[in-house]
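Undergrad: Would you be able to build a 3D model of this:
(one chain, ligands or ions: 1)
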Amino acid sequence: MSEVHTAHTADLDAATLEMARALLFAVFGDEMEDDDWEHALGGMHALVWEGDELIAHGSVIQRRLLHRGRVLRAGYVEGVAVRADRRRRGHGADVMEALERIVRGAYDVGALGATDEAVGLYTKHGWKQWQGPTSALTPSGIARTAEDDGGVYVLEVGVPLDLSAELTCDWRAGDVW
Ligand SMILES: CC(C)(COP(=O)(O)OP(=O)(O)OC[C@H]1O[C@@H](n2cnc3c(N)ncnc32)[C@H](O)[C@@H]1OP(=O)(O)O)[C@@H](O)C(=O)NCCC(=O)NCCS
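TA: Residues are numbered from 1 along each chain as shown. This next block holds a predicted model:
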């Protein structure tokens with residue numbers, strides 16, 4: 001039996017955070033960097049446990065997105081990963097359901113940067129591909145992030161969005177989307 005728990009970063013002990021970090025480094029391999037782990041912190045985590053083993057993780061943290069002159073409070077999903085030997089059993093869906101409840105209850109919009117592998121999971125859950133240009137609010141002004149075009153997905157939660165317009169994210173170290 002597996003169970004999904006949600007908790008803020010502040011309420012996870014060091015051993016649990018280390019297990020989550022190790023899971024993400026194992027799943028993403030060379031593509032995972034310390035900045036990516038840092039991006040997953042400071043918000044709510046969804047953790048799937050099988051006994052005392054952590055088999056799936058995702059988190060949602062707050063970011064600001066600029067869209068058509070409006071600043072949106074975005075629930076940004078990070079670090080979604082299911083241990084390789086536990087996939088296709090619905091754990092990814094369980095993590096997303098837990099995070100989507102938080103997005104719907106606390107934010108203007110949900111957003112994430114998708115891997116090709118996870119697009120099916122997200123679109124099944126109602127996430128939509130951003131069609132317009134993406135950019136980031138960098139220390140030297142708004143800069144296009146053309147390499148991220150097509151890889152950003154949003155969950156509409158009440159604020160009307162024009163998916164073909166520009167979407168700008170706030171600044172951070174590492175991958176901005
Ligand atoms: C993407 C990822 C999180 C999905 O996790 P998962 O636990 O396999 O997800 P689910 O089991 O909920 O859904 C995956 C598929 O299994 C199917 N499935 C779910 N339960 C099933 C079951 N009991 N029997 C058979 N198939 C099942 C789902 O319908 C879905 O099918 P689809 O791919 O045809 O849509 C996982 O593959 C992963 O960790 N990938 C590497 C990291 C990654 O890319 N993360 C995303 C970052 S943006």
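Undergrad: How many neighbouring residues does residue 60 have?
TA: 29 (other CB atoms under 10 Å). Yep, even glycine has a C-beta here, placed from its N, CA and C like the rest.
Undergrad: That one looks like it's in a strand, true?
TA: Yes: under DSSP: H, G, I helix; E, B strand; the rest coil, residue 60 sits within a strand.
Undergrad: and it, what pLDDT?
TA: What the model reports for residue 60 is a pLDDT of 99.
Undergrad: sec struct for residue 123, please.
TA: Classification of residue 123 using three-state DSSP returns helix.
Undergrad: in the protein, what spans have low per-residue confidence?
TA: Within the chain, no stretch has pLDDT under 70.
Undergrad: which residues touch the residue of it found nearest the ligand?
TA: Using CB to the nearest ligand atom, residue 92 is the residue of the chain that sits closest to the ligand, at 2.5 Å. By CB atoms under 8 Å, 6 or more residues apart in numbering, the contact set of residue 92 is 56, 80, 82, 118, 121.
Undergrad: between those, which has the most around it?
TA: Ranking these using other CB under 10 Å puts residue 56 first, with 27 neighbours.
Undergrad: my guess is that one is in a strand, correct?
TA: Yes: applying three-state DSSP, one finds residue 56 inside a strand.
Undergrad: Assess the claim that it and residue 81 are in contact.
TA: Yes: counting by CB atoms under 8 Å, residue 56 touches residue 81, with 6.8 Å between them.
Undergrad: And the contacts of the helix or strand harbouring residue 35?
TA: Taking DSSP states H and E as the criterion, the element that holds residue 35 is helix 34-39. Applying CB under 8 Å, 6+ apart, the set of residues contacting helix 34-39 from outside is 21, 24-25, 28, 61, 78-79, 172-175.
Undergrad: Please flag which of those residues sit within helices.
TA: Among those, the ones falling in helices (DSSP state H) are 21, 24-25, 28.
Undergrad: on that earlier part again, Provide the secondary structure category for the residue of the chain closest to the ligand.
TA: Relying on three-state DSSP, one would call residue 92 helix.
Undergrad: List the contacts of the residue nearest to the spatial centre of the chain.
TA: Relative to the mean C-alpha position of the chain, the nearest C-alpha, by CA atoms, centre = their mean, is the one of residue 77, at 1.6 Å. Residues in contact with residue 77, defined by CB under 8 Å, 6+ apart, are 58-60, 96, 99, 103, 110-112.
Undergrad: switch the cut-off to 6 Å
TA: Contacts here follow CB atoms under 6 Å, 6 or more residues apart in numbering; on that basis residue 77 touches 60, 99, 112.
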